[in-house]
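Enquirer: just the structure for this:
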Amino acid sequence: YSEYWTCNRLTFQSQEQIICSSQEGDLTPGFDRYPPYRSIVAAAPYPAFVFPQGMQQVRMIDAMPHKNAQLRNSYQRLVFEGYVIYTPKIQR
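Expert: This next block holds a predicted model:
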């Protein structure tokens, strides 16, 4: 998941190897240029979240006290090149 512009860029530049669905600032579904992407991403058991630093989505995720323990246990928070990335921890 990401915001509109990052989603489009990720999907296009990866030649659809990365499928993204957009989220608004309040983490509700955003506008997807190609609606089937939403169901593809929703079916992923542990989707990644990629947002530019400073976006409302990052503040919302970081401020969710009831979700923070779940996020810490299931996701790794990374900051890279101006983006905050929540990537699933792989259990082996």
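Enquirer: check the burial of Cys7 by counting its neighbours.
Expert: For Cys7, the number of neighbouring residues by other CB atoms under 10 Å comes to 24. (Each C-beta comes from the backbone N, C-alpha and C, glycine too.)
Enquirer: against Gln23, how distant is it?
Expert: Note on Cys7: its distance to Gln23, by CB to CB, to the nearest Å, is 9 Å.
Enquirer: what sits in contact with each of those two?
Expert: Shared contacts of Cys7 and Gln23 (CB atoms under 8 Å, 6 or more residues apart in numbering): 1, 30.
Enquirer: for stretch 85-92, buried residues please.
Expert: Neighbour-count burial for stretch 85-92 flags 85-86 (criterion: 16 or more other CB atoms under 10 Å).
Enquirer: beta partners of the residue nearest the centre of the chain?
Expert: The chain has Phe49 as the residue nearest its centroid, 1.9 Å off, counting by CA atoms, centre = their mean. Here Phe49 sits in beta bridges with Tyr86, going by DSSP bridges.
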